[in-house]
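Coordinates only, no sequence provided:
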């Protein structure tokens with residue numbers, strides 16, 4: 001095949017199109033990763049708040065137990081499928097609101113100071 005200006009231009013255009021498609025794919029993947037990281041950060045925040053407010057004054061084992069209960073409930077299937085969903089779940093039982101974790105009903109997040117965290 002002869003190397004002509006026309007062939008070079010066609011090859012350059014083909015390469016540019018391939019590169020544009022690859023960049024577009026990478027851009028879409030990056031946007032998805034960023035969204036996933038934001039969701040993960042929110043779930044971690046819910047878990048740490050739950051540990052803090054439910055067992056902040058407890059020893060390490062108490063904090064670990066609260067974390068384990070929360071994660072087990074997420075995996076169990078009869079509870080919401082996310083950490084935040086489990087932590088803030090409320091149900092109505094005999095006309096009363098029941099929370100999975102007492103601090104969410106008692107609004108302790110507005111009361112307790114972060115200096116108590118160990």
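Everything's here; your move. Bear in mind that the values here come from a model prediction, so they are computed numbers and not experimental data.

Just the element for residue 74, please.
If you go by DSSP states H and E, residue 74 is part of helix 60-76.

helices or strands up against the longest helix along the chain?
As assigned by DSSP state H, the longest helix anywhere in the chain is helix 5-55. Here helix 5-55 touches helix 60-76, helix 83-87, helix 102-106, going by 3 or more Cβ pairs under 8 Å, 6 or more residues apart in numbering; DSSP states H and E. No exception for glycine: its C-beta is placed from N, CA and C like everyone else's.

okay, the angle between that helix and helix 60-76?
120 degrees (axes from the mean of the first three to the mean of the last three Cα atoms, to 10 degrees).

List the contacts of residue 55.
By Cβ atoms under 8 Å, 6 or more residues apart in numbering, the residues touching residue 55 are 62, 63, 65, 66.

where's the nearest residue to the first one once chain neighbours are set aside relative to residue 69, distance?
Once its chain neighbours are removed from consideration, residue 62 has its nearest residue in residue 55; the separation is 4.4 Å (Cβ to Cβ, 6 or more residues apart in numbering). To residue 69, residue 55 is 10 Å away according to Cβ to Cβ, to the nearest Å.

just to revisit the earlier point, of all the helices and strands packed on helix 5-55, which lies closest to residue 49?
Proximity to residue 49 (Cβ to Cβ) singles out helix 83-87 among the helices and strands packed on helix 5-55, at 7.2 Å.

Just the buried residues of that closest one, please?
83, 84, 86, 87 (16 or more other Cβ atoms under 10 Å).

pLDDT below threshold where in this structure?
Across the chain, the stretches falling below the confidence threshold (pLDDT under 70) are 1-16, 19, 107-118.

center of it - which residue?
When Cα atoms, centre = their mean is applied to the chain, the residue found nearest the centroid is residue 40 (2.1 Å).

residue contacts, that one?
By Cβ under 8 Å, 6+ apart, the contact list for residue 40 is empty.
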